[in-house]
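A.B. asks: next one to model:
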Amino acid sequence: MTAVFQESALFDLSPADRELFQLFGAGPVRTPPSDHVHHAFETHAARRPHLTAVEHLGESLTYGELDARATLLAELLVRRGVRPGDHVGLFLTRSISMVVGILAVLKAGAAYVPQDVRITPEAHLRHIVRTAHVDVVLTTTADATSLPPHLATIITIDTLPDVSAFCRTITAESDIAAVIFTSGTTGRPNGVRVSHANLCNVLLTAPGSLGVAPGVRVSQLLNIAFDMAMWEILGTLANGGTLVIRGDDLARTASTVEVVIATPSVLATLDPAACQRVRTVAVAGERCPQALADVWARRVAFHNACGPTEVTIVNTVHRYEPGTGQLTIGRPVPNTTVYVLDDDLLPCPIGAVGEMWAGGACVTAGYLGDLDLTAERYRPDPFLGGDHLMFRTRDLARWTREGRLEHRGRTDDQVKVRGFRVELDAVTAALERAEDCDRATTVVHDGKLVGFISPGTATPEQARRAVSQRLPYYCVPTLIVPVDTLPTTDRGKVDRRALLSHVDGLRREPVA
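C.D. replies: Next up is the predicted model:
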C-alpha cells in the first residue's frame, strides 16, 4: 500500500506514466513503533538494562546506566530553565558524554544542536548560538577550554553528581529533536529543524533501520554535526544496538562492528578484508563510485542512499548487489514520496531527467531564521495535497524501467564550459570508468574542467580516453591530476575547495 496522489496534479502525463509516477514515487505505508526517538531507546533500556549501549576507548555504559545518566542530566537541564521546544547546544567531541547529552536534551523536551568544538570556527559557533537562540551549552571539562568566552550557560556533562534517586520533573514532549546546521550559500550555516516523527520514520522502519537489533554493533565514525551521525547514534540506540564510538583509529573501530554507516569518501579509506565482522554498509552524503559499491557488495549487504539534511538524513535507498545492473539511489523510504519534475514543477515523463522533490514523512520544518529560503525550497505539495509540503533537493534524477532513481548530478553542479552545459558528476563517473582509476572528482577552475583521479598511479591518458569515449568533447577535462587520495571535509565528503587550492600551481595539459 502506498500514498494516493492527486489526479489533477498528474494531468499532463500519459495514462501509462501516471500509473508509473504513482507506483515509483510513493514509498510503502508503514507505522513506526514509536513517535519519539528517545522513547524507542527507553523501551530497550527497560527490557535489556544490562545490554551494552555505548563503547568508547575501553569505556562503556549499559542501557540501564545510560538511561539513568541521561535522565539525571535531563532533570538538571529542566532545573536550569530548559523548557520544551528550547534548543540546547551540544558543543564537544566524540565521547560517551556526547551520547548522554543527546538523550538528556530529548528527555527534557528540547532539541539538541551538535557541533564539534575541535573544528568549528568561533564565528560559526556564535552564529549558531544566535540563530538557534541557544542559552545552554552542554560540553565536557576537556572540551570547555575550546569554547569561546561568554557564549552561553555552560554545563559539563562529565561532572554530573553521583545521584541514585531524585524527583523527576514531568515535561511536555517536543516535535523537534535536533537542529542540524548545513553549509549555507552565504558562507554561514543554515539551521534545519529535524522532527522526532521523521527520525522515527527513517530509523525505525526498513531499510533505514539496517537490521540493527539488540547486540548488533554499529560504528560511530562521522562528524557529530553531520546529519548522518544521527543515523549512527540514534539509529543504533533506538533499535537496541551497541554504538561503538571511534577514537583516532577509524579503521580499528570499523573492524569491530557489524554495521558501518559512512560517506563513500570515508568508506574508501577502509579495507574490506580488514572488516571481516561487517555485515551491512550504508553510504550517503555524496555520489558513490560504482567500483566502491562493487567491492563492498561482494562481502556485505550494501545500501546506497541519498537525501539532504532537509529530508531527514536520507529519503531513498538502494540495496545493491554486484552484477545486477547499475548502482542507483533506489526508491523512496516508507511513508515518503519522490517526484521528478521539470522547471515548471510539472511531472517529467518516466525516464526523463528532472529535478527531485521529496514529500511525505521526511520533509523537515524549514530553516531557522530564514523565512525567504524556507519559502524558496519548501513548497506546497500538489501530489499529496492538503497542508503537505515538498522539498527541492536540487538533485537531478530519472526513473529507470525498474522503478529506481538514477542520480544524474545536481542542479548546482551544472556548469557552462565552452558554452555547453556540463554536469560535473557525469564527468566524474566517466573518469572512474578508467581501468586504473578507483575514485575521481571534477572541479571547475578558470572556466575549465579539472579532473582528479586516485590512486596516484592512475594515468591521465586512460582517464581522458574514458571520458572522451562516453561524453561529448567539451566534457573532457583540460587537466587531469593523479593524487594518492582525495582530500575530504570534516564531514567526510570530497573537499573540492582543497583541490582547487592546488590547481593554480599545476601544469595544464592540453586536451588530446
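A.B. asks: partners of the strand or helix carrying Arg319 in the sheet?
C.D. replies: Here Arg319 is covered by strand 316-320, with elements defined by DSSP states H and E. If you go by DSSP bridges, strand 316-320 pairs up with strand 301-306 (antiparallel), strand 331-332 (antiparallel).
A.B. asks: not counting its own residues, what contacts the shortest one?
C.D. replies: Counting by Cβ atoms under 8 Å, 6 or more residues apart in numbering, strand 331-332 makes contact with 24-27, 315-318, 338, 358, 360, 403-405, all of which sit outside it. Using the backbone N, CA and C atoms, a C-beta is placed for each residue, glycine as well.
A.B. asks: which of those residues has the largest number of neighbours?
C.D. replies: Most neighbours among those, by other Cβ atoms under 10 Å: Asn315, with 33 neighbours.
A.B. asks: surely that residue touches Ala358?
C.D. replies: Yes. Between Asn315 and Ala358 there is a contact under Cβ atoms under 8 Å: 5.0 Å.
A.B. asks: overlap in contacts of the two?
C.D. replies: The contact lists of Asn315 and Ala358 share Gly307, Pro332, Thr336, Val338, where a contact means Cβ under 8 Å, 6+ apart.
A.B. asks: identify the residue nearest the last one in space, chain neighbours excluded?
C.D. replies: In space, Val338 comes closest to Pro332 once its chain neighbours are excluded; the distance is 4.8 Å by Cβ to Cβ, 6 or more residues apart in numbering.
A.B. asks: off-centre distance for the strand holding Arg319?
C.D. replies: Centroid separation for strand 316-320 versus its chain: 14 Å, with Cα atoms, centre = their mean, to the nearest Å.
A.B. asks: contact partners for Ala365?
C.D. replies: Contacts of Ala365 by Cβ under 8 Å, 6+ apart are Asp175, Ile176, Arg193, Val194, Ser195.
A.B. asks: wait, isn't the third one in contact with Ile176?
C.D. replies: Which is Arg193. Yes. At 4.9 Å, Arg193 and Ile176 qualify as touching, with contact defined as Cβ under 8 Å.
A.B. asks: overlap of the contact sets of these two?
C.D. replies: By Cβ under 8 Å, 6+ apart, the residues touching both Arg193 and Ile176 are Ala111, Ala365.
A.B. asks: now the longest helix along the chain: buried residues?
C.D. replies: When the chain is parsed with DSSP state H, its longest helix is helix 63-79. Buried residues in helix 63-79, counting neighbours by 16 or more other Cβ atoms under 10 Å, are found at 63, 65-78.
A.B. asks: quick one: Phe91 is in a helix?
C.D. replies: No. Secondary structure assignment (DSSP: H, G, I helix; E, B strand; the rest coil) places Phe91 in strand, not in a helix.
A.B. asks: so it touches Tyr112, yeah?
C.D. replies: No. Counting by Cβ under 8 Å, Phe91 does not reach Tyr112; the two are 10.3 Å apart.
A.B. asks: these two: who's more crowded?
C.D. replies: Phe91 (30 against 24).
A.B. asks: so what's that one bridging to?
C.D. replies: For Phe91, the beta-bridge partners are Gln115 (DSSP bridges).
A.B. asks: what of Phe391?
C.D. replies: Beta-bridge partners of Phe391, as defined by DSSP bridges: Ala358, Tyr378.
A.B. asks: give the contact list for the residue nearest in space to the middle of the chain.
C.D. replies: Among the residues of the chain, the one closest to the centroid is Met228, at 3.7 Å (Cα atoms, centre = their mean). By Cβ under 8 Å, 6+ apart, the contact list for Met228 reads Leu222, Ile261, Ala262, Thr263, Ala284, Gly285, Ile313.
A.B. asks: ok, now Thr71?
C.D. replies: Thr71 sits in contact with Ala104, Lys107, Arg168, where contact means Cβ under 8 Å, 6+ apart.
A.B. asks: I figured Trp231 hits Leu203, correct?
C.D. replies: Yes. The pair Trp231 / Leu203 is scored as a contact, 7.0 Å apart, by Cβ under 8 Å.
A.B. asks: which residues touch Asp135?
C.D. replies: Counting by Cβ under 8 Å, 6+ apart, Asp135 has contacts Gly81, Val82, Asp86, Ala152, Thr153.
A.B. asks: my guess is the last one meets Val137, correct?
C.D. replies: Yes. A contact is recorded between Thr153 and Val137 when judged using Cβ under 8 Å, the distance being 7.0 Å.
A.B. asks: so for the two, which sits in the more crowded spot?
C.D. replies: When Thr153 and Val137 are compared for neighbours, Val137 comes out ahead with 25 against 14, by other Cβ under 10 Å.
A.B. asks: let me have the contacts of Asp135 in a markdown table, adding distance to Thr478 as columns.
C.D. replies: Listed next are the contacts of Asp135 as a markdown table, based on distance: Cβ to Cβ, whole Å:
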| residue | distance to Thr478 |
| --- | --- |
| Gly81 | 59 |
| Val82 | 55 |
| Asp86 | 52 |
| Ala152 | 49 |
| Thr153 | 54 |
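A.B. asks: need those in CSV with pLDDT and secondary structure, can you?
C.D. replies: Listed next are the contacts of Asp135 as CSV, based on pLDDT from 0 to 100; DSSP: H, G, I helix; E, B strand; the rest coil:
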residue, pLDDT, secondary structure
Gly81, 96, coil
Val82, 97, coil
Asp86, 98, coil
Ala152, 97, coil
Thr153, 97, strand
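A.B. asks: show the buried residues in the residues you listed.
C.D. replies: Neighbour counting with 16+ other Cβ under 10 Å marks Val82, Asp86, Ala152 as buried within the contacts of Asp135.
A.B. asks: wasn't Ile180 part of a strand?
C.D. replies: Yes. Counting by three-state DSSP, Ile180 falls inside a strand.
A.B. asks: so what pLDDT did it get?
C.D. replies: Confidence at Ile180, expressed as pLDDT, is 96.
A.B. asks: please indicate which of the contacts of Met228 has the highest neighbour count?
C.D. replies: Among the contacts of Met228, the one with the most neighbours (other Cβ under 10 Å) is Ile261, at 32 neighbours.
A.B. asks: and that one, its phi and psi?
C.D. replies: phi -120, psi 130 (degrees, to the nearest 10).
A.B. asks: is it true that it touches Asp227?
C.D. replies: No. Between Ile261 and Asp227 there is no contact under Cβ under 8 Å: 11.3 Å.
A.B. asks: re the thing from before, what do Phe91 and Tyr112 both touch?
C.D. replies: Leu138.
A.B. asks: ok now do Ala152, which residues does it touch?
C.D. replies: Gly89, Val129, Val134, Asp135, Val136, Val137.
A.B. asks: tell me which two in those are the farthest apart.
C.D. replies: Val129 and Val136 (10.2 Å; Cβ to Cβ).
A.B. asks: any common contacting residues for these two?
C.D. replies: Joint contacts of Val129 and Val136 (Cβ under 8 Å, 6+ apart) are Gly89, Ala152.
A.B. asks: where do the helices sit along the stretch 201-350 of the chain?
C.D. replies: Assigned by DSSP state H, counting those that start in this stretch, the stretch 201-350 of the chain shows helices spanning 228-237, 250-254, 264-267, 290-297.
A.B. asks: would Glu19 count as being in a helix?
C.D. replies: Yes. Residue state for Glu19 (three-state DSSP) corresponds to a helix.
A.B. asks: residue contacts, it?
C.D. replies: Contacts of Glu19 (Cβ under 8 Å, 6+ apart): none.
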